[in-house]
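Asks: Coordinates for the following, if possible.
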Amino acid sequence: MKIVILTAALLSAADCLAQNAPAPAPVIVSGTLADEGARAALLARLRQVFGSARVVDQLVVGPVAASPEWHTTLARLIGPDLQLVSHGELKVDGAAATLRGDVGSEALRQQVGAALSTAAAAGAGPAIAVNNSLRVVASEQAVLDTALANRIIEFESGKATLTDSGMQILDQMSVALLALKDKKVEVIGHTDNAGARASNLALSQARAEAVRSYVAAKGVKPELIAVSGEGPDRPVADNRSADGRARNRRIEFKVVQ
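Replies: Reported below is the predicted structural model:
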């Protein structure tokens, strides 16, 4: 049994903006599953991680042999770290999984590979061997990703006021932004799904604007910083847990030209 998930034939959101392509890019899943329940579970997981609008379903149901544990493990492989991969492909064929694509640093290559291996080994059923074939591609985006290092820029609860720890992270991000010279960067605000969507959209926009104001005060040209607020629409983790909601309340930095 083989399942192929293309995580970006994909263009990252930054690539889409730079090339005037529609955003966000699709996540294409193809292959054969044993029954409709397994198909629905895999699609639900993909939509949870990447968003419903991005997932293109090319799955079919056919006469293949696979245990319920295999299907459970397959769903666990679809984690938020896959969003760190551009031009990516995750191929799961029986007891083997291969991940290909580009990442911005060796640290990210190891992080994504380790998360996939942990998911593949967890739970009951036969383990799935993971081949990490990710490629490190140096880029301006990698400079920003490395500086942020998956940390959360914190604000006061329900406000667009930065906390002390948030300002400390932005001090480091300002250095990275200045190193990019005249590259334009989009600052994107995100929230969890608690509360009204309209309020979360406004809050995410206000927080992105607060970040622009802060880095501008550190010498970054404000005209090079575009801002947007996505509210709760692009979660990277499960909003049903406190940890997941914390990860979803985030600021992203994307090179757009």
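Asks: Return the set of buried residues in stretch 143-159.
Replies: Residues of stretch 143-159 classed as buried by neighbour count (16 or more other Cβ atoms under 10 Å): 143-145, 147-148, 153-155. From N, CA and C alone the C-beta is placed, and that goes for glycine too.
Asks: Reformat these as TSV; add secondary structure, distance to residue 111 and pLDDT.
Replies: Compiled in TSV, the buried residues of stretch 143-159 are given as follows (DSSP: H, G, I helix; E, B strand; the rest coil; distance: Cβ to Cβ, whole Å; pLDDT from 0 to 100):
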residue	secondary structure	distance to residue 111	pLDDT
143	helix	17	81
144	helix	16	89
145	helix	10	85
147	helix	15	85
148	helix	13	90
153	coil	19	94
154	coil	21	91
155	strand	25	92
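Asks: For residue 119, state which of these is nearest.
Replies: Comparing the buried residues of stretch 143-159 against residue 119 with Cβ to Cβ places residue 145 closest, at 21.4 Å.
Asks: what residues are up against that closest one?
Replies: Under the criterion of Cβ atoms under 8 Å, 6 or more residues apart in numbering, the contact list for residue 145 reads 84, 104-105, 108.
Asks: If we use 6 Å, what do you get?
Replies: Contact analysis of residue 145 by Cβ atoms under 6 Å, 6 or more residues apart in numbering lists residue 104.
Asks: quick one: it from residue 226, how far?
Replies: As judged by Cβ to Cβ, to the nearest Å, residue 145 and residue 226 stand 18 Å apart.
Asks: Same check on residue 187?
Replies: With distances taken as Cβ to Cβ, residue 187 is found 7 Å from residue 226.
Asks: quick one, which of the two is more surrounded?
Replies: Under the criterion of other Cβ atoms under 10 Å, the comparison of residue 187 against residue 226 puts residue 187 first, with 23 against 17.
Asks: That one falls within a helix, correct?
Replies: No: residue assignment for residue 187, taken from DSSP: H, G, I helix; E, B strand; the rest coil, gives strand, which places it outside any helix.
Asks: in the sheet, who's paired with it?
Replies: Partner residues in beta bridges with residue 187: residue 227, residue 253, with DSSP bridges as the criterion.
Asks: Let me know whether it touches residue 211 as I believe.
Replies: Yes: under the criterion of Cβ atoms under 6 Å, residue 187 lies in contact with residue 211, with a separation of 5.0 Å.
Asks: Please enumerate the strands of the stretch 151-257 of the chain.
Replies: For the stretch 151-257 of the chain, applying DSSP state E, counting those that start in this stretch gives strands covering 185-190, 225-231, 251-255.
Asks: Minimum distance to residue 99: which of these has it?
Replies: Across the strands of the stretch 151-257 of the chain, residue 99 has its closest neighbour in strand 251-255 (22.0 Å, Cβ to Cβ).
Asks: Please work out which residues outside that closest one touch it.
Replies: Applying Cβ under 6 Å, 6+ apart, the set of residues contacting strand 251-255 from outside is 13-14, 140-141, 144, 153, 183, 185-186, 188-189, 211.
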